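S.K.: generate coordinates for the sequence data below:
(one chain, ligands or ions: 1)
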Amino acid sequence: MVLSKRRGSKLRTVIKSNRISKNYKGFQAVKDVSLNICEGEIYGFIGLNGSGKTTTIRMLLGMIKPTEGTCYIKGKKITSTNHRIWRSVGHIVETPPCYPELTVLENLTIFRRIRLISDTDIVPKVMEQLHLTRYAQKKAGTLSLGNAQRLGIAKALLHSPEILILDEPMNGLDPSGIVEIRKLLQDLAFNRGVTILMSSHLLSEVAKIATKIGIIHNGRLIQEIESIKLSDLLNQQLVIDTRNNQSAISQLTTAGYISKINNKGLIETTDRRAIQDPDKISRLLVYKGFPPTKLTVKEENLESHFLNIIERGGETLQ
Ligand SMILES: Nc1ncnc2c1ncn2[C@@H]1O[C@H](COP(=O)(O)OP(=O)(O)OP(=O)(O)O)[C@@H](O)[C@H]1O
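M.R.: Sure thing, here's the model as predicted:
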């Protein structure tokens, strides 16, 4: 169980990139990206279109060679000859490839054989896990995008890998499909110790599932956030409304709470004492004759945090 390992002092790094860069004919798609992803971690890799997620993932999977830097899986350097590494890795990159004229069952059977897996029960088991059983006889080329994505994930899971590297695994899934895949990935990471690197545009999904988040912008890894520290990092505000906000704000200022009137005419404060104890603010305003008609703590979400740091040009990590 990874949860118990997590309490231990040091977890093993299983996916690592050491200052990798990729140039395409003078265009630098990825610049100096260092990742250290530990066992059992779900690393959410987020960035705008063209920010370098897929290029980084392709380098980690040995599909393209970094112009500079080195990638490692379980401590082993990724080279064109080191094939053993891939026994422990399952992956999907962009739209997962399949044989479009063959059925879902035939596709998975072929991939099982390619992986030299003798256990024939694994295909029905993985189809069941990914809710693909009823599509077993359907040609893969006729699947909806969401079901093609499930087929890709099923293929990636066939050999029970210790590491999953998934480029946009939620792509094309409907809301219930997203929840299913989230639960599946969480089960794999938390109960079976699988290490997951997943890129996604769905920031709220990443915030729900990832144990660590990396933000890539213009090819650079500009911020890494431990999920448990996410709420400390996201800005919070206490928003207050009274029948006389100008007078109420003077009372707050006199009491030492720095506040302002926002563009909706409401009082806003980022004072941590106020955010942590809104009841105290309420009591103060009632006592001064301006009882609040609204008192809410608003938290910035990952999406607005992401857009804020992108707008500021990003705080470079390295
Ligand atoms: N083979 C290539 N030749 C030239 N430029 C490329 C090549 N592959 C990617 N790029 C460029 O590198 C940059 C990063 O692309 P990449 O696909 O890694 O971004 P991404 O973050 O995965 O984007 P998206 O979310 O849209 O998939 C883009 O500007 C892209 O056009």
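S.K.: any residues touching stretch 148-157, and which ones?
M.R.: Here stretch 148-157 makes contact (C-beta atoms under 8 Å, 6 or more residues apart in numbering) with 90-92, 95-98, 104, 107-108, 111, 126-127, 129-132, 140, 143, 164, 166, 169-173, 177, 181, 184, 188. Using the backbone N, CA and C atoms, a C-beta is placed for each residue, glycine as well.
S.K.: got a PyMOL select line for the buried ones in those?
M.R.: Remark: buried members of the contacts of stretch 148-157, expressed as a PyMOL selection using 16 or more other C-beta atoms under 10 Å:
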select buried, resi 90+91+92+96+98+104+107+108+111+126+127+129+130+131+132+140+143+164+166+169+170+171+172+173+177+181+184+188
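S.K.: among the contacts of stretch 148-157, which lie within strands?
M.R.: With DSSP state E as the criterion, strands contain Gly90, His91, Ile92, Leu164, Leu166 from among the contacts of stretch 148-157.
S.K.: what bridges to the fourth one?
M.R.: With DSSP bridges as the criterion, Leu164 is bridged to Gly90, Ile196.
S.K.: in this structure it contacts Ile196, no?
M.R.: Yes - assessed by C-beta atoms under 8 Å, Leu164 is found in contact with Ile196 at 4.7 Å.
S.K.: identify the contacts common to these two.
M.R.: Common neighbours of Leu164 and Ile196 (criterion: C-beta under 8 Å, 6+ apart): Leu185, Leu188.
S.K.: pick out whichever of the ones in strands among the contacts of stretch 148-157 sits closest to Ile267.
M.R.: Using C-beta to C-beta, the shortest approach to Ile267 within the ones in strands among the contacts of stretch 148-157 belongs to Leu166, at 44.2 Å.
S.K.: the closest residue to the closest one other than its chain neighbours: what's it in contact with?
M.R.: Spatially, and ignoring its direct neighbours in sequence, Leu166 is nearest to Met198 (4.4 Å; C-beta to C-beta, 6 or more residues apart in numbering). Neighbouring residues of Met198 by C-beta under 8 Å, 6+ apart: 42-45, 164-169, 185, 206, 209-210.
S.K.: strands of the chain, start to end?
M.R.: 13-24, 27-38, 42-46, 68-73, 76-77, 89-92, 163-167, 195-200, 212-217, 220-226, 236-241, 260-261, 267-269, 294-299.
S.K.: quick one: those strands as JSON lines, columns for mean pLDDT and distance to the ligand too.
M.R.: Below are the strands of the chain laid out as JSON lines (pLDDT from 0 to 100; distance: least, C-beta to the nearest ligand atom, whole Å):
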{"stretch": "strand 13-24", "mean pLDDT": "96", "distance to the ligand": "3"}
{"stretch": "strand 27-38", "mean pLDDT": "96", "distance to the ligand": "3"}
{"stretch": "strand 42-46", "mean pLDDT": "95", "distance to the ligand": "9"}
{"stretch": "strand 68-73", "mean pLDDT": "96", "distance to the ligand": "15"}
{"stretch": "strand 76-77", "mean pLDDT": "94", "distance to the ligand": "22"}
{"stretch": "strand 89-92", "mean pLDDT": "92", "distance to the ligand": "13"}
{"stretch": "strand 163-167", "mean pLDDT": "95", "distance to the ligand": "7"}
{"stretch": "strand 195-200", "mean pLDDT": "95", "distance to the ligand": "7"}
{"stretch": "strand 212-217", "mean pLDDT": "94", "distance to the ligand": "7"}
{"stretch": "strand 220-226", "mean pLDDT": "92", "distance to the ligand": "12"}
{"stretch": "strand 236-241", "mean pLDDT": "92", "distance to the ligand": "30"}
{"stretch": "strand 260-261", "mean pLDDT": "94", "distance to the ligand": "37"}
{"stretch": "strand 267-269", "mean pLDDT": "95", "distance to the ligand": "34"}
{"stretch": "strand 294-299", "mean pLDDT": "89", "distance to the ligand": "26"}
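S.K.: want to try CSV for these, with distance to Lys155 as columns?
M.R.: Shown next, in CSV, are these (distance: least, C-beta to C-beta, whole Å):
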stretch, distance to Lys155
strand 13-24, 20
strand 27-38, 22
strand 42-46, 20
strand 68-73, 19
strand 76-77, 23
strand 89-92, 8
strand 163-167, 11
strand 195-200, 16
strand 212-217, 25
strand 220-226, 28
strand 236-241, 42
strand 260-261, 54
strand 267-269, 50
strand 294-299, 38
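S.K.: what bits of the stretch 1-150 of the chain have low per-residue confidence?
M.R.: Within the stretch 1-150 of the chain, the ranges that satisfy pLDDT under 70 run 1-10, 95-96.
S.K.: what about 80?
M.R.: 1-11, 80, 82-83, 94-97 (pLDDT under 80).
S.K.: and for the closest residue in space to Ser21 that isn't next to it in sequence, the neighbour number?
M.R.: Nearest residue to Ser21, sequence neighbours excluded (C-beta to C-beta, 6+ apart): Glu68, at 4.4 Å. Glu68: 13 surrounding residues under other C-beta atoms under 10 Å.
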